[in-house]
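1. with the input below, show me the fold.
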Amino acid sequence: MLRTNLATRPFYNQRAVRFAIGAALLALVGLTAGNIAAFSHLSERERALGGDVRQAEARALELQQQTRRLRQGLNTEQVESITAAATEANGLIDRRVFSWIDLLGEFERTLPDDVRIVSIAPETDKEGRLVIVVAVLARSAEDVDTFRSALASGSRFTDVVPMRERTNEQGMLEVTLQGRLAGLAVRGATAPAQGR
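-> Okay, the predicted model is just below:
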């Protein structure tokens, strides 16, 4: 068998090379077409979003103008009148929620024999919580402290503290206590009650 090449030029398999180059060109054309389509789609999307943004800005400007017109048209006297009426209505509702019977029952359970209640006045603190101010007469500071401790140890009162203390002409100790009524917030205070 003869193994020499008698051709004047060497034989190369160009078909495989041409096929590889053609495949690479096709892939390049496909990628280019895909990039052009994606760019076109993104450009359309950007134009649409730009239109949406312009519409939103125009709507916001229109709403700001409407707000300005409404604020200018507000009658402050009417608003104050409505606010006062709402506060009064809320106070009436709170008075219905507040139970004098429960409060007086709590005092009856905790009041020592040598302490007398002079007055009870519900008030509202800065946070809108109900504060009960109780003025008492007692023979000694220990009796007042017993009453204060009994109130504070119950479930209805928190932060029971003495506010004022003085001795009257009869030698009795007059002490004003203040305590928050737990779990009850009010918007309007009720009238003071004189008692016991």
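
2. what's the domain layout of this protein?
-> With domains defined by automatic domain parsing, the chain comprises 13-74, 99-194.

3. distance between the first one and the chain's centre?
-> Taking the mean of its C-alpha atoms, domain 13-74 sits 40 Å from the chain's own mean (C-alpha atoms, centre = their mean, to the nearest Å).

4. about what we covered before: most tightly surrounded among the domains of the chain?
-> Among the domains of the chain, ranked by average contacts under mean count of other C-beta atoms under 10 Å, first place goes to domain 99-194 (a mean of 15). To be clear about C-beta, it is placed using only N, CA and C from the backbone, and glycine gets the same treatment.

5. secondary structure class for residue 121?
-> Secondary structure assignment for residue 121 (DSSP: H, G, I helix; E, B strand; the rest coil): strand.

6. and it, how far from residue 39?
-> Residue 121 is 78 Å from residue 39, where distance means C-beta to C-beta, to the nearest Å.

7. now the domains of the chain in CSV, with distance to residue 90 and mean pLDDT?
-> CSV is the format used below for those (distance: least, C-beta to C-beta, whole Å; pLDDT from 0 to 100):
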stretch, distance to residue 90, mean pLDDT
domain 13-74, 22, 88
domain 99-194, 4, 80
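
8. which one of those domains lies nearest to residue 84?
-> Proximity to residue 84 (C-beta to C-beta) singles out domain 99-194 among those, at 10.8 Å.

9. and that closest one, how far out from the chain's middle?
-> Distance, centroid of domain 99-194 to centroid of chain: 32 Å (C-alpha atoms, centre = their mean).
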